[in-house]
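# Need a 3D model of the sequence below.
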Amino acid sequence: MAGQTEAKSHAETQTEGRRKGTILEILGASTKLGLTSFGGPIAHLGYFRDEYVNRRKWLDEKSYADLVALCQFLPGPASSQVGISIGMMRGGLLGGIVSWIGFTLPSALALMLFAYLLHHVDVSSAGWLHGLMIAAVAVVAQAVWGMARSLAPDRTRGTIALLTAIITLLWPSAYSQLILIAAAGLFGRWFLTTSDIPEAPRLGISIRRRTGVAAWILFFGLLLGLPILRTGFTSGVLALFDTFFRVGSLVFGGGHVVLPMLQAEVVPAGWVTDAQFLAGYGAAQAVPGPLFTFSAYLGTVMNGWIGAGLALIAMFLPSFLLVTGALPFWDAIRRRPDFQSVFKGINAAVVGILLAALYNPVWTKAIYTPYDFCLAIAALGLLMLWKLPPWAVVLFCAAGGALISALT
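All right, here's what the predicted structure looks like:
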């Protein structure tokens, strides 16, 4: 009886977590993440997991990993796409838009202000900024440990995760992750059984397949049509929108991969100088949220607030259309029994990719001295032993980084 009561209580908790949320609830959760998620896209996935899986229980660990796997396959910013997907689960298309706004707007506004003030403010050597990078080490380490226990608990899947991490580190490219995820899925299909896999719960996607198909048509229509329109019309606005939409549509590998693509588009064209580009890139490291909001900085330099809005929307619109098109079909595919073994391998590979990212770029950009390592250990203890929320650990590490900088 006690076991049944406990199981019922757990089921009720999961059901409660997956009920549709209000728009204000979605906006509040995503804005909190947009204000506190430092450290880049892999760190963002750790923050998301803590907020949406552990604390709010809006979805379970396996569904979260399946979303991460889907967004790793799609071009564009994976962490933003995961956030949009979770927003759609809670509140449909409007929920996805609100989730994107909450996660994106804080860093976009900060970078727009940086575009006006950066020549008078230098944050490149700020101790508190280095402390924020150390906080990301602890957050990602916690996420890797938690996901490994759930998604790679046996020898076979643990080996997949470790091999994926090793190959990712030794073969760094924009497409290596896609190849490794596909290979892990094929291995899982043929060599991993589904007998011990619980039935995948529905993601709660209310988007119809008809809407998904329309989103794909619009995506390819804009991707192919904008360059044609650009050749026929001399318009700075059209050229700006086409450039950022195309980059946002074709980049694989996250925010750091998009930077050289953007530089090749905007610097030779004379829209921004090389010095302005590099200064904005430095500022982008100091703000939370997605690195793709660097587009807001470039748009501000090019054409003020209007340019910032156009560049930001054009940069993220492909991700929104791709997610809208994929989710209605993904939810059905991932729940088919014959695909469960595929996702068993894919989810183990996702753990390996996160493990590799824990070293590079998260660790390599943050841990330089024994003081840094000690601060990272303290932050990890606060997260895993004392169960402090990530935003509190971020503040702790910012203060610790400033103190280290003052003493050394």
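# shaky segments in the stretch 151-300 of the chain?
174, 194-200, 253-257, 260, 282 (pLDDT under 70).
# For it, which segments count as helices?
Assigned by DSSP state H, counting those that start in this stretch, the stretch 151-300 of the chain shows helices spanning 155-170, 176-191, 209-232, 236-250, 255-266, 274-284, 294-334.
# Ok, which of those comes nearest residue 139?
helix 255-266 (16.7 Å; Cβ to Cβ). Every residue, glycine included, has its C-beta placed from N, CA and C.
# quick one: contacts for residue 218?
Contacts for residue 218 (Cβ atoms under 8 Å, 6 or more residues apart in numbering) come out as residue 321.
# distance of it from residue 41?
25 Å (Cβ to Cβ, to the nearest Å).
# now residue 251
Distance from residue 251 to residue 41, by Cβ to Cβ: 12 Å.
# Centre-most residue in the chain?
Centroid-nearest residue in the chain, with Cα atoms, centre = their mean: residue 79, separated by 1.2 Å.
# Now for it, which secondary structure element holds it?
Assigned by DSSP states H and E, residue 79 falls within helix 78-117.
# That helix packs against which elements?
Secondary-structure packing of helix 78-117 (3 or more Cβ pairs under 8 Å, 6 or more residues apart in numbering; DSSP states H and E): helix 23-36, helix 41-48, helix 61-73, helix 274-284, helix 294-334.
# okay, these, which one's buried deepest?
Comparing the helices and strands packed on helix 78-117 by mean neighbour count (mean count of other Cβ atoms under 10 Å), helix 41-48 comes out on top with a mean of 27.
# picking that back up, got the contact list for the residue nearest to the centre of the chain?
By Cβ under 8 Å, 6+ apart, the neighbours of residue 79 are 37, 41-42, 44-45, 48, 71, 290.
# list the contacts for residue 86?
48, 52, 58-59, 67, 99.
# Give me the pLDDT value at it.
For residue 86, the model assigns a pLDDT of 96.
# what do you get for residue 133?
82.
# for it, phi and psi?
phi -70, psi -40 (degrees, to the nearest 10).
# State the distance from it to residue 139.
11 Å.
# Give the intersection of the neighbour lists for the two.
residue 39.
# Between the two, point out the one with more neighbours.
residue 139 (30 against 23; other Cβ atoms under 10 Å).
# about what we covered before: turn the helices of the stretch 151-300 of the chain into CSV, including distance to residue 75.
Output for the helices of the stretch 151-300 of the chain, formatted as CSV (distance: least, Cβ to Cβ, whole Å):
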stretch, distance to residue 75
helix 155-170, 18
helix 176-191, 10
helix 209-232, 10
helix 236-250, 6
helix 255-266, 10
helix 274-284, 20
helix 294-334, 7
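# closest one to residue 365 among those?
The closest of the helices of the stretch 151-300 of the chain to residue 365 is helix 255-266. By Cβ to Cβ, the value is 10.4 Å.
# Leaving aside the residues adjacent along the chain, what's closest to residue 100?
residue 84 (5.2 Å; Cβ to Cβ, 6 or more residues apart in numbering).
# Do I have it right that the one you found meets residue 96?
Yes. At 4.6 Å, residue 84 and residue 96 qualify as touching, with contact defined as Cβ atoms under 8 Å.
# Between the two, which is the more surrounded one?
residue 84 (31 against 25).
# what's near enough to touch that one?
96, 99-100, 319-320, 323.
# Give me the distance between residue 356 and residue 262.
From residue 356 to residue 262 the distance is 25 Å (Cβ to Cβ).
# follow-up on the earlier one: please name whichever of the helices of the stretch 151-300 of the chain is nearest to residue 386.
It is, among the helices of the stretch 151-300 of the chain and with distance given as Cβ to Cβ, helix 155-170, at 27.3 Å.
# right, so of the helices and strands packed on helix 78-117, which gets closest to residue 405?
From the helices and strands packed on helix 78-117, taking Cβ to Cβ, the stretch that ends up closest is helix 274-284, at 16.9 Å.
# Show me what the closest one is packed up against.
Under the contact criterion of 3+ Cβ pairs under 8 Å, 6+ apart, helix 274-284 touches helix 78-117, helix 255-266, helix 294-334.
# can we see that at 6 Å?
With contacts taken as 3 or more Cβ pairs under 6 Å, 6 or more residues apart in numbering; DSSP states H and E, helix 274-284 sits against helix 294-334.
# Next secondary structure after the helix it packs on?
Downstream of helix 294-334 (by DSSP H and E), the next one is helix 337-357.
# after that following helix comes which helix or strand?
Next element after helix 337-357 (DSSP H and E): helix 370-384.
# Let me see the contact set for the closest residue to residue 355 other than its chain neighbours.
Take residue 355 and drop its neighbours on the chain: the residue closest to it by Cβ to Cβ, 6+ apart is residue 165, 4.2 Å away. Residues near residue 165 by Cβ atoms under 6 Å, 6 or more residues apart in numbering: 352, 355-356.
# Likewise for residue 375?
Residue 375 neighbours (Cβ under 6 Å, 6+ apart): 134, 400.
# what about residue 182, how many residues close to it?
Residue 182: 15 neighbours (other Cβ under 10 Å).
# swap that for residue 216, please
15.
# Model confidence for the closest residue to it other than its chain neighbours, exactly?
Nearest residue to residue 216 in three dimensions, chain neighbours excluded: residue 325, at 3.9 Å (Cβ to Cβ, 6+ apart). pLDDT, residue 325: 96.
# I'd say residue 325 and residue 214 touch.
No. Residue 325 is not in contact with residue 214 according to Cβ atoms under 6 Å; the separation is 8.1 Å.
# Identify the residues contacting the closest residue to residue 401 other than its chain neighbours.
Nearest non-adjacent residue to residue 401, counting by Cβ to Cβ, 6+ apart: residue 131, 2.1 Å away. Shown in contact with residue 131 (Cβ under 6 Å, 6+ apart): 397-398, 400-401.
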